[in-house]
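**Q** quick one, fold the following:
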Amino acid sequence: MTVAGELSLFTLDPDQTFGAAVADRLGIALSPLEDRVFEDGEYKIRPLESVRGRDVYVVSSLCQGHGASSADRLLKMLFFIGAVRDAGASRITAVTPYLCFARKDRRTKPRDPVTTRYVAQLFEAMRIDGLIGIDIHNLAAFQNAFRCETIHLDAQALFAQQLVAMIGDAPVAVVSPDLGGDKRAELFRQRLERLLKQPVGKGFMDKFRSEGRVTSDIFAGDVEGRIAIIIDDLIAGGGTLARVAAACRAHGARAVWGVATHGVFTSQAPGILADAPLDRLLITDTAPLAPASPVVARLGARLSVVSVATLFGEAIRRRHLNGSITELLENGP
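**A** Below is the predicted model of the structure:
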């Protein structure tokens, strides 16, 4: 459905596939911009059409890739938002399929940084009016960090639509990889139960992590004879998913599937995940994954990517037209 006028959509990602899919959902073209890199590595970025009085949405996945760090991408987005504000936009919304530095949302050691809040302050300094994200690591911390409007999406409806057809009438359980993710897992379990019209079991793993090392694992739940679906917000190194998958196998799971919104794979992840007792892995396209990526090569047919571009496109359309985001999250795009 084509949106009403007065809306501009920019994407700052080098690979414009995601932004183009969002634009396609909106029935508009991506707005042009100049992204110029100088010889010393500094850059300038600006819109190439008038944005005065317009409702502007700026899409960028703030994860490492294409030779740029998360910090580089964040800084470029802030610069562009500043330029758009100076050019007279009436409303600016940052659209971040992956929001960087969101995992450090509280102090666990003396003098720890709280980077979630610092990132929010940077965006606010550029006078944004809102930010759209998906499956942020800690929803409460995210909502409390920003003083502008935040729209938090989740991929649960899209994942559930994919999984229901794959599950059929097989017995299934949803597993949280840690106690912090228990609420996410429980909401997903309830959704699957409604769609499958059969009981869905549950399980969880508790762990103690300090300075990047996990020193203990405790598993509880009924996964014996079931498809164990491990759901998380993010995969980086893959160690957590591999440990939980092994625990599910040890407790009698007939198959183990992993589900995570953000596939931010480090260099160790392909080897760890390839060796894990994992039958399937579903991720979304919030972090661009090249076809030649090592994780694609190592996992092969076990890896599936579910696009959330239409979800973001529909969220933008509803924000622009004052539609319901709650209904969108319940039913999907």
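**Q** list the contacts of stretch 110-128.
**A** 74, 78, 81-82, 85, 92-94, 99-102, 104-107, 131, 138, 141-142, 145-148 (Cβ atoms under 8 Å, 6 or more residues apart in numbering). For glycine as for every other residue, the C-beta is placed from the backbone atoms N, C-alpha and C.
**Q** return the distance of it from the chain's centre.
**A** 19 Å (Cα atoms, centre = their mean, to the nearest Å).
**Q** pull the CA atoms of that stretch into CSV?
**A** What follows is stretch 110-128, C-alpha atoms only, in CSV (Å, rounded to 0.1, in the frame of the first residue of the first chain):
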residue,chain,number,x,y,z
PRO,A,110,32.2,-0.8,39.5
ARG,A,111,32.6,2.0,37.1
ASP,A,112,31.0,0.1,34.2
PRO,A,113,29.6,2.1,31.3
VAL,A,114,25.9,2.1,30.5
THR,A,115,26.2,2.4,26.8
THR,A,116,22.5,2.0,26.0
ARG,A,117,21.9,5.4,27.8
TYR,A,118,24.9,7.0,26.1
VAL,A,119,23.7,6.0,22.6
ALA,A,120,20.3,7.4,23.5
GLN,A,121,21.9,10.7,24.5
LEU,A,122,23.8,10.9,21.3
PHE,A,123,20.6,10.5,19.2
GLU,A,124,18.8,13.0,21.4
ALA,A,125,21.6,15.5,20.8
MET,A,126,20.7,15.3,17.1
ARG,A,127,17.1,16.1,18.1
ILE,A,128,15.5,13.0,16.6
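**Q** the contacts of stretch 110-128 in helices, which ones?
**A** Among the contacts of stretch 110-128, DSSP state H puts L74, L78, I81, G82, R85, A141, F142, A145 in helices.
**Q** by neighbours, which of the residues you listed wins?
**A** I81 (26 neighbours; other Cβ atoms under 10 Å).
**Q** can you read off the pLDDT for that one?
**A** pLDDT recorded at I81 is 98.
**Q** does I92 touch D129 like I think?
**A** Yes. The pair I92 / D129 is scored as a contact, 5.5 Å apart, by Cβ atoms under 8 Å.
**Q** ok, those two, which is more surrounded?
**A** Using other Cβ under 10 Å as the criterion, I92 and D129 rank with I92 on top: 25 against 15.
**Q** that one pairs with what?
**A** Counting by DSSP bridges, I92 is bridged to V56.
**Q** what's the answer for R280, then?
**A** Where R280 sits in a bridge, its partners, by DSSP bridges, are W257.
**Q** what about it, distance to C63?
**A** Remark: distance between R280 and C63 (Cβ to Cβ, to the nearest Å) = 23 Å.
**Q** what do you get for P270?
**A** Going from P270 to C63 by Cβ to Cβ gives 17 Å.
**Q** neighbour count winner among these two?
**A** Set P270 next to C63 and count neighbours by other Cβ under 10 Å: C63 wins out with 21 against 18.
**Q** okay then, goodbye and thanks.
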